[in-house]
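Participant: coordinates for the following, if possible.
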Amino acid sequence: MSKYNNFFGDYGGRYVPEVLRLPLAELEAAYVEAIEDPAFMAEFKTFQTDFIGRPTPLLHAVNAGKALGGADIYIKLEGLANTGAHKINNAAGQALLAKRMGKTRVIAETGAGQHGVATASACARLGLECVIYMGTEDIRRQRPNVYWMELFGAEVRPVASGSATLKDAVNEAFRDWTSSYKNTHYLLGSALGPSPFPDMVREFQSVIGNEVKQQADFKIDAMVACVGGGSNAIGFFSPFIDLSGPRLIGAEAGGRGPGPGNNAVRMDASAKTGIVQGYKSRFLLDDDGQVLPTHSISAGLDYPGIGPQLAELGRTGRVEFVSVTDGEALAALKFFAATEGIIFAMESAHAGAAAMSIAKELGPGKKIIINMSGRGDKDIFISAAAFDGKNWKTFLLEESGRIND
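Facilitator: Residues are numbered from 1 along each chain as shown. The predicted model follows:
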């Protein structure tokens, strides 16, 4: 299918029940036609400029670099995009595609809530009905984003099955789509799932990397992004994949440490190759092929699988993977807030933590770019509890009393 792929090496594909083959084939044909239509791409470009606020800045983090005493650090500020994260890039592209296809309803899954907020925002702008599936555990952790989704007019449907997190929300969204695809588009949020989603999401997110290529008037030695499913990372890395440099580094959720249920590390020996949710990739599975529980302080990084293109790039060594613990991510969040006045999303803080270590390894004179995939407003209930627990608890109790009065 032109320059688009069903597989990346051994990973990818379209392993779905018969009922989903027609809507996926329809989506693939519509996507290929749209992406090669100058009128659609011009509309998308206008949406990026006028609604998303692109391009986002590339900030030289001078203070952070001096404090670490290593490589110069630059930060791609995706958190300054409308809705606060990179997720709006893909949400906008797919929502425009859905409208072009004549769909009137959009469904999506969300974990940290940023994809849900982005989807709800794009649908509000384009006049599309919107339903967001979200695990009850993620709703608990990311209540501010639930509020924003509902303010944009979306219906947030809680998912209590399984671990009540992102993978379960994906399952429910696919169930919905099997019976509603005639008028509904499933706006999948990461570069995973059955083809053509991995290609489509990478294409819509590649604006991040393309802007970096234009903005960086220096030799880039390393680029670092957090990796859950992988949408921000693959978009950030995309224009550099076929080059010999720079180093491309993905930061996975090391959580509480080693062992099943304590982390969400897919790119080491603890993971297995399997087929889950319609595609083949690296997953955290038990000996019977069942998905294992995961953990991360960040709701956007606790997915048990990884996008198929990133899995293949990890296999070939083009992308290096490191793991970052919850504690390291919190320390990075605090460091960049104190040195640069920037509040990383908890997911992005994993990339920040990895970059802090790599900057020291590379040494002075080298250049490293972090993709700050989102800002940390949404994580206030997590970060404030971690850094200022006593005062935060007192504040919440006082506010609860006022509400009850």
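
Participant: not counting sequence-adjacent ones, nearest residue to Ala353?
Facilitator: Leaving out its chain neighbours, the residue that sits closest to Ala353 by Cβ to Cβ, 6 or more residues apart in numbering is Ala332, at 3.8 Å. In this view, the C-beta of every residue, glycine as well, is placed from N, C-alpha and C.

Participant: tell me which element the one you found is part of?
Facilitator: Element membership for Ala332 (DSSP states H and E) is helix 326-340.

Participant: now do the buried residues in the helix or strand following that helix.
Facilitator: Using DSSP H and E, the next helix or strand after helix 326-340 towards the C-terminus is helix 346-362. For helix 346-362, a neighbour-count test (16 or more other Cβ atoms under 10 Å) marks 346-359, 362 as buried.

Participant: what does stretch 226-243 give?
Facilitator: For stretch 226-243, the neighbour count (16+ other Cβ under 10 Å) marks 226-240 as buried.

Participant: how far does that stretch stretch from one end to the other?
Facilitator: Distance between the two ends of stretch 226-243: 21 Å, counting by Cα to Cα, to the nearest Å.

Participant: now do that stretch: distance to the chain's middle.
Facilitator: The chain centroid and the centroid of stretch 226-243 are separated by 10 Å, computed with Cα atoms, centre = their mean, to the nearest Å.

Participant: related to what we said a few turns ago, which one among the buried residues of helix 346-362 gets closest to Thr46?
Facilitator: Ser348 (27.3 Å; Cβ to Cβ).

Participant: hmm, the closest one is touching Gly79, no?
Facilitator: Yes. Counting by Cβ atoms under 8 Å, Ser348 does reach Gly79; the two are 7.4 Å apart.

Participant: please enumerate the shared neighbours of these two.
Facilitator: Residues touching both Ser348 and Gly79 (Cβ atoms under 8 Å, 6 or more residues apart in numbering): Met372, Ser373, Gly374, Arg375, Gly376.

Participant: shouldn't the residue nearest to Ala353 be in contact with Glu347?
Facilitator: No. Between Ala332 and Glu347 there is no contact under Cβ under 8 Å: 11.3 Å.

Participant: A helix includes Leu20, no?
Facilitator: Yes. According to DSSP: H, G, I helix; E, B strand; the rest coil, Leu20 belongs to a helix.

Participant: ok, the residue lying closest to it once chain neighbours are set aside - how many residues close by?
Facilitator: Leaving aside its sequence neighbours, Leu20 sits nearest to Thr178 (Cβ to Cβ, 6+ apart; 6.1 Å). By other Cβ atoms under 10 Å, the residues close to Thr178 number 14.

Participant: so how far is Cys226 from Thr178?
Facilitator: Taken as Cβ to Cβ, to the nearest Å, the spacing of Thr178 relative to Cys226 amounts to 31 Å.

Participant: now Ile342: closest residue in space that isn't a chain neighbour?
Facilitator: Excluding the flanking residues, the one nearest Ile342 by Cβ to Cβ, 6+ apart is Phe336, at 5.2 Å.

Participant: quick one: the one you found and Glu347, what's the gap?
Facilitator: 14 Å.

Participant: could you dump stretch 78-94 to PDB, C-alpha only?
Facilitator: C-alpha atoms of stretch 78-94 as PDB (Å, rounded to 0.1, in the frame of the first residue of the first chain):
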ATOM      1  CA  GLU A  78       4.700  19.800  23.100                       C
ATOM      2  CA  GLY A  79       3.000  20.800  26.300                       C
ATOM      3  CA  LEU A  80       2.400  24.200  24.800                       C
ATOM      4  CA  ALA A  81       0.200  22.700  22.100                       C
ATOM      5  CA  ASN A  82      -3.600  23.300  22.600                       C
ATOM      6  CA  THR A  83      -4.900  20.800  25.200                       C
ATOM      7  CA  GLY A  84      -1.500  20.500  26.800                       C
ATOM      8  CA  ALA A  85       0.200  17.500  25.000                       C
ATOM      9  CA  HIS A  86       1.200  16.000  21.700                       C
ATOM     10  CA  LYS A  87      -2.000  13.900  21.500                       C
ATOM     11  CA  ILE A  88      -3.800  16.700  19.700                       C
ATOM     12  CA  ASN A  89      -1.700  16.200  16.600                       C
ATOM     13  CA  ASN A  90      -3.100  12.700  15.900                       C
ATOM     14  CA  ALA A  91      -6.600  13.500  17.300                       C
ATOM     15  CA  ALA A  92      -6.900  16.400  14.800                       C
ATOM     16  CA  GLY A  93      -5.700  14.400  11.900                       C
ATOM     17  CA  GLN A  94      -8.000  11.500  12.600                       C
END
